[in-house]
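Undergrad: What follows is a predicted structure for the sequence shown.
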Number of protein chains: 2
Amino acid sequence: MTKEFKVVFEPDNKTVKVERDTTVLDAATSSDIYIDSICGGRGKCGKCKVLIDGSVKSDETDLLSVEEKARGYYLSCLARVAGNLKVTVPKESRVESHQILMRSLIEPLSVIDQPVVKVPLSLTPPSLVDYLSDLERVTHALRNLGIEHVTMGLPTLNKLSRTLRENQWNVNVTLMDLWGREEVIDIGPTSDDDLIGIAVDIGTTTIVVELVDLITGAVIDARSDYNKQVVYGEDVLSRIMYTEEHKGGIRKLTSTVRYAINDLIRELVIENNMRYEKICRAVLSGNTVMMHLFYGLDPKYIRHEPYIPVMSFVPQMKAVKLGLSVNPNAYIYTLPCRSSYVGGDVTADVIASGMRDKKELSLLLDVGTNGEVVLGNDSFLVSCSCSAGPAFEGGEVEFGVRAMNGAIERVWIDNGSVHYSTIGNKKAKGICGSGLIELIAELFSNGIIDRTGKIQPDKDNARIEVGSSGNQFVVAFKEDTAINKNIVITDVDIQNIIRTKAAVYASCSVLLKTFGYGFSDLNNIFIAGSFGNYLDIKKAITIGLLPDLPLDMFKFIGNGALGGARMVLLSRAMQDKAEETVENMTHIELSVNSAFFKEFTSALFIPHTELDQFPHILKRVYT
Amino acid sequence: MTKEFKVVFEPDNKTVKVERDTTVLDAATSSDIYIDSICGGRGKCGKCKVLIDGSVKSDETDLLSVEEKARGYYLSCLARVAGNLKVTVPKESRVESHQILMRSLIEPLSVIDQPVVKVPLSLTPPSLVDYLSDLERVTHALRNLGIEHVTMGLPTLNKLSRTLRENQWNVNVTLMDLWGREEVIDIGPTSDDDLIGIAVDIGTTTIVVELVDLITGAVIDARSDYNKQVVYGEDVLSRIMYTEEHKGGIRKLTSTVRYAINDLIRELVIENNMRYEKICRAVLSGNTVMMHLFYGLDPKYIRHEPYIPVMSFVPQMKAVKLGLSVNPNAYIYTLPCRSSYVGGDVTADVIASGMRDKKELSLLLDVGTNGEVVLGNDSFLVSCSCSAGPAFEGGEVEFGVRAMNGAIERVWIDNGSVHYSTIGNKKAKGICGSGLIELIAELFSNGIIDRTGKIQPDKDNARIEVGSSGNQFVVAFKEDTAINKNIVITDVDIQNIIRTKAAVYASCSVLLKTFGYGFSDLNNIFIAGSFGNYLDIKKAITIGLLPDLPLDMFKFIGNGALGGARMVLLSRAMQDKAEETVENMTHIELSVNSAFFKEFTSALFIPHTELDQFPHILKRVYT
């Protein structure tokens, strides 16, 4: 009889019984806990770290530090069960959050000058002859330190008297600088001397919250999740339509996003052993529609010509008004938007890229369901949005999926045989954005599709079939997939992807031409967003999504919406720069721009109608 | 068989069956609906107007206008039931609100300079090339008018887009001036061009709300009611105790007072055919405890030495935070308090009296359950509070009552016979504050009590009895009262009243002496509050409550708490003056002042131990 052991997974509190020598990774999978393991459980990638309490056998590995080993960390693919175990699976080792981009590659700030400060006060206790009210006692003490025009809101007033007395009149007051006056947003013991804030990226698909030390600027921790609003519509337009068609729809979408943010804050607060009240500032970024829905404002007019948002610059508001689970007095700032389709996320990208500080010309691209493009330098900025379509997010493509577990993310075709890798090394479920770009590039490089994107009939190629909507190419055969179906790409799918890439390329092209530039005048191309993060630049150039320029000009800035929000959180100068950026950014509306349609049509080929725009591709494919 | 008819009273929705020819006034009284009838139902005063639907018989009267008669108004004392009736009793005909002092005798302001303004904007509609957000479109237009640093809160943002479009981009924006920035607190059609505010007096016993035209300064209408908090305690100390002893007590008292204010606002809004949103500013005054309870702040430390309030100066706050039924963006200002027992109501009295602008020396007295005294001129101000006790409000006196229907308010004794009048000319129910002062003065002037207040035994006087607590004097015999008991005043009652008057007089005396003055240095004595309003000055001097000074020096300012609040509502200069007043007012704590005890003891005689302080009384009584 084989001995069985009990494995408890935390913090999920899931228990499974497994046989001796089962890997912890397999035990986890059988409990529906998905541990990241890009190498497929071969002990090569080091992503599947877990903390184990109990008896395991494990091969040696260099992918864990001496310190990690001492603390009880193992690679779950190498650790084999040898007794009852408690296994703690850290968030970063889980698949679920893996594909939500939480990194942002920003330059460290030279100066942290955020507007919240803690001031220690040692007050004289009141007496019958020194009968100042508690509030005046505090404001007078602050005045003696040169801090004038101090106000205090109700939540702080409510705890003022008790806090002063409990701490024997020695307290730390937290002050927020507001337009030449100061507000006491919190009061607590002098031991409570750290300053915490959060940066939040509200994406259409995902939400990320970073817990930030406002004194050092360090990111303490971060959490992410899907934006649960997706159940009301995949993209911003369908969500606006939802609010138009459902009474109470705005309220529902607003509470959904606030609830999702609060969920992440709760995780951060609990796991970092902190109180909500500690969080005394928050900076948020998101596209214009996400901002409207966060504030509960009707986004209706964004959807209808001339596409006017309620607001671009949102006045700072208190957390208590917005239902955020932070200090109720904390002021919430959201990065300003330029237009209905160039939002605060793009403003944040610009800040994170630093392009506004450079003399050289830069182009910034943020491609998701919508694409946004910004061109400029330290003397001008111009932006546009292109309705890229959801092809790169898995929409409008038969087997397209989001960047999820089992999504094909890499494809190469070598001498007729197709190789691919999936997220989490799971059996394939579909193809995500980066996989589609690689697939089209490989199909084109291998002559399987022509310059118009049409699949070339080839009776000798078992992967080319005739489907219900024309020719199709089998990327993964039924028996290798998790869905018990062939995963194919069709002529129609390819046309949709070509339209998307053409829209992005044409947008860049039009912005440049409008200001008398060409691609060769560029010094930097910043690529923001999760799409960019997994993109193979060469293959994106091959299909004509990106211009044919030296590879070192392309710079990934990761989650610029989050990085920019954090920079603004840490610096008033950056906040000013964000506002200045939006005020000075010209917006071009492509939907009424005739030059755009010409450029778009020219770009509906692989890589482009004008092949001389792609000299390197020309060389690789045609010589 | 006598025919009975049904009379329905509205808006009370009370029904009573009465015989034919019953007066509507009597029908109302039997339904516990108290209609004002100062003349005692003799058709002489014209106060008891009601609107009648149905058949009545009535004598002719000149006290109703032709128009009123045409609309169906009758005097309820003259109208006799002749069929089933629906009777609507207007608020102003009801006794309940009669004795709540709503008048304030303030000088008209020379300049109205309140901080709210309406600005008409004629905006260019947006287009694809003019794609400013709605908020920016408004702020840019204001900037063109020289109005910078404009913000907008969520409630206004919420209606912004709809309002702009419904009014074809021609709107009035309501701006509130805030520390060098402006906030758009409302937006509406250009036809909506008036500006409305409210002044509120939150008394311990009563609440008054005035609807004020912020452009002309005129009082549009006013409503008052009892402060329903009385069920949790008669005076401020018992209410604090309630909050200490009952979990959730603060919340209960706070919602009670806010609800009461909202009730009055609702009446004003409905009867003046207005929307709540029209009310775009509110200024409140009240004593320090009332202010704490209005804001929901714990008043605990006010009750315990050294008697420290949470706050004296309350930062302006938005109505939405305080649950007031006005424009949610309206800023609420409350007059600052000097100390735990010299509150914003006293600050308002000072403003209403104008004493801060006079070179001459003035004394201000506000006597209710607590008495507050302020002495000063344009170069100094000093205040104190004296726990006068509730004698003048009907407390600590066996047959003492509030100034209500049936309260004896005037007494004169003429050759041994006692005459009195009651409020509303009802059968006597008890004696209110002004009645008690007149009674003591008359008893003293007629030798029925001596200088110590003791009732002199006199077997020949049928009104002098021996009761359970010593001698007592019958003011009204059983058969003349509404309570089927003799209404008497006892030795103990008189001692309580003497202690109260002594506390007030001694407070005034100490304030003067502390600054090297005497009563003869005074030029004005301002008397504020409802107590003052019904006071016979000569009799108050007779008992030694007020100093023996020329009668024309005494000036009633009526409800100064309300008048001062209205002045601040209408003028930022007055708001500054209120703050300057509090900042520069010295407070003297009498409870630890030895001079006070000496003065108090000397004042425990009628009129005083030192008779030369009362030369006129001396002359009248002893010559």
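TA: That came through fine.
Undergrad: Just the buried residues of the helix or strand where A:Tyr242 lies, please?
TA: Element membership of A:Tyr242 [criterion: DSSP states H and E] is helix A:236-245. Judged by neighbour count using 16 or more other Cβ atoms under 10 Å in any protein chain shown, the buried positions of helix A:236-245 are A:236-237, A:239-243. All C-beta atoms are positioned from the backbone trio N, CA, C, and that covers glycine.
Undergrad: did I read that right, A:Ala503 in a helix?
TA: Yes: A:Ala503 forms part of a helix when assessed by DSSP: H, G, I helix; E, B strand; the rest coil.
Undergrad: Phi, psi for the closest residue in space to it that isn't next to it in sequence please.
TA: Here the nearest residue to A:Ala503 in space, its sequence neighbours aside, is A:Cys386; by Cβ to Cβ, 6 or more residues apart in numbering or on different chains that works out to 4.4 Å. Per-residue torsions, A:Cys386: phi -130, psi 130 (degrees, to the nearest 10).
Undergrad: so what's A:Cys386 up against?
TA: A:370-373, A:503-504, A:506-507, A:590 (Cβ atoms under 8 Å, 6 or more residues apart in numbering or on different chains).
Undergrad: Residue numbers of the stretch 151-300 of chain A in contact with chain B?
TA: Counting by Cβ under 8 Å from any Cβ of the partner chain, the residues of the stretch 151-300 of chain A close to chain B are A:151-154, A:157-158, A:160-162, A:165, A:179-181, A:295-298, A:300.
Undergrad: Figure out how far the helix holding A:Tyr242 is from the centre of its chain.
TA: 22 Å (Cα atoms, centre = their mean, to the nearest Å).
Undergrad: following it, which helix or strand comes up?
TA: Next element after helix A:236-245 (DSSP H and E): helix A:249-271.
Undergrad: how big is the angle separating that following helix from helix A:236-245?
TA: 120 degrees (axes from the mean of the first three to the mean of the last three Cα atoms, to 10 degrees).
Undergrad: Show me what counts as buried in helix A:249-271.
TA: Buried residues in helix A:249-271 (16+ other Cβ under 10 Å): A:249-250, A:253-254, A:256-258, A:260-265, A:267-269.
Undergrad: what's downstream of the helix or strand of chain A with the lowest mean pLDDT, the next helix or strand?
TA: Here the helix or strand of chain A ranked lowest by mean pLDDT, DSSP states H and E is helix A:529-533, holding a mean of 69. Once helix A:529-533 ends, the next helix or strand along the chain (criterion: DSSP H and E) is helix A:537-542.
Undergrad: Convert the C-alpha atoms of whichever helix or strand comes after that following helix to PDB, please.
TA: Under the assignment DSSP H and E, the closest C-terminal helix or strand after helix A:537-542 is strand A:554-558. Presented in PDB, the C-alpha positions along strand A:554-558 are these (Å, rounded to 0.1, in the frame of the first residue of the first chain):
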ATOM      1  CA  PHE A 554      12.900  50.500 -29.200                       C
ATOM      2  CA  LYS A 555      12.600  50.800 -25.400                       C
ATOM      3  CA  PHE A 556      10.100  48.900 -23.300                       C
ATOM      4  CA  ILE A 557       8.800  50.900 -20.400                       C
ATOM      5  CA  GLY A 558       6.600  48.200 -19.100                       C
END
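Undergrad: What helices and strands are in contact with strand A:554-558?
TA: When contacts are defined as 3 or more Cβ pairs under 8 Å, 6 or more residues apart in numbering or on different chains; DSSP states H and E, strand A:554-558 sits against helix A:344-353, strand A:524-528, helix A:529-533.
Undergrad: and of the ones you listed, who's closest to chain B?
TA: helix A:344-353 (12.2 Å; Cβ to the nearest Cβ).
Undergrad: returning to what we had before: want to try TSV for the helices and strands packed on strand A:554-558, with mean neighbour count as columns?
TA: Shown next, in TSV, are these (neighbours: other Cβ atoms under 10 Å in any protein chain shown):
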stretch	mean neighbour count
helix A:344-353	30
strand A:524-528	24
helix A:529-533	24
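Undergrad: Using a markdown table, lay out the ones you listed together with distance to A:Leu195.
TA: A markdown table is the format used below for the helices and strands packed on strand A:554-558 (distance: least, Cβ to Cβ, whole Å):
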| stretch | distance to A:Leu195 |
| --- | --- |
| helix A:344-353 | 21 |
| strand A:524-528 | 28 |
| helix A:529-533 | 30 |
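Undergrad: Quick check: which of the ones you listed is nearest to B:Thr288?
TA: Closest to B:Thr288 of the helices and strands packed on strand A:554-558, according to Cβ to Cβ: helix A:344-353, at 44.6 Å.
Undergrad: per-residue confidence averaged over the following helix or strand past the closest one?
TA: Later in the chain than helix A:344-353, the nearest helix or strand by DSSP H and E is strand A:362-367. What strand A:362-367 shows for mean pLDDT is 93.
Undergrad: I would like the residues contacting strand A:362-367, please.
TA: A:345-346, A:349-350, A:353, A:355, A:371-377, A:388, A:392, A:504, A:508, A:511-512, A:522-529, A:531-532, A:546, A:560-561.
Undergrad: quick one: it to chain centroid distance?
TA: Centre to centre, stretch against its chain (Cα atoms, centre = their mean), the figure for strand A:362-367 is 15 Å.
Undergrad: Can you name every helix or strand that the following helix or strand past that strand contacts?
TA: Beyond strand A:362-367 in the direction of the C-terminus, DSSP H and E gives the next helix or strand as strand A:371-376. Identification of packing neighbours for strand A:371-376 by 3+ Cβ pairs under 8 Å, 6+ apart yields helix A:344-353, strand A:362-367, strand A:381-386, helix A:491-514.
Undergrad: Now strand A:371-376 - C-alpha only, CSV.
TA: Taking C-alpha atoms only, strand A:371-376 is exported to CSV below (Å, rounded to 0.1, in the frame of the first residue of the first chain):
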residue,chain,number,x,y,z
GLY,A,371,-3.7,52.1,-29.4
GLU,A,372,-2.4,55.4,-28.4
VAL,A,373,0.5,57.2,-30.0
VAL,A,374,2.4,60.2,-28.7
LEU,A,375,5.1,62.0,-30.7
GLY,A,376,7.3,64.8,-29.3
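Undergrad: Other residues contacting that strand?
TA: A:341-343, A:345-346, A:349-350, A:355-356, A:361-366, A:381-388, A:503-504, A:507-508, A:511-512, A:515, A:517, A:585.
Undergrad: returning to what we had before: between the buried residues of helix A:236-245, which is closest to A:Val89?
TA: Each of the buried residues of helix A:236-245 was scored against A:Val89 by Cβ to Cβ, and A:Arg239 proved nearest at 32.7 Å.
Undergrad: so what's that closest one up against?
TA: A:204, A:229, A:232-233, A:253, A:289, A:293, A:299.
Undergrad: Apply 7 Å and report the result again.
TA: Neighbour list for A:Arg239: A:229, A:232-233, A:253, A:289, A:293 [criterion: Cβ atoms under 7 Å, 6 or more residues apart in numbering or on different chains].
Undergrad: Please report the distance of it from A:Pro336.
TA: Distance of A:Arg239 to A:Pro336, given as Cβ to Cβ, to the nearest Å: 21 Å.
Undergrad: Now the buried members of the contacts of strand A:371-376.
TA: Using 16+ other Cβ under 10 Å as the threshold, A:341-343, A:345-346, A:349-350, A:355-356, A:361-366, A:381-388, A:503-504, A:507-508, A:511-512, A:585 are the buried ones among the contacts of strand A:371-376.
Undergrad: And for the residue lying closest to A:Val346 once chain neighbours are set aside, the neighbour number?
TA: Leaving aside its sequence neighbours, A:Val346 sits nearest to A:Glu372 (Cβ to Cβ, 6+ apart; 4.7 Å). By other Cβ atoms under 10 Å in any protein chain shown, 27 other residues sit near A:Glu372.
Undergrad: May I have the beta-bridge partners of A:Glu372?
TA: Here A:Glu372 sits in beta bridges with A:Asp366, A:Ser385, as judged by DSSP bridges.
Undergrad: And the pLDDT for A:Asn13?
TA: Per-residue confidence at A:Asn13 stands at 82 (pLDDT).
Undergrad: Would you mind listing what in the stretch 501-623 of chain A touches chain B?
TA: A:587, A:589, A:592 (Cβ under 7 Å from any Cβ of the partner chain).
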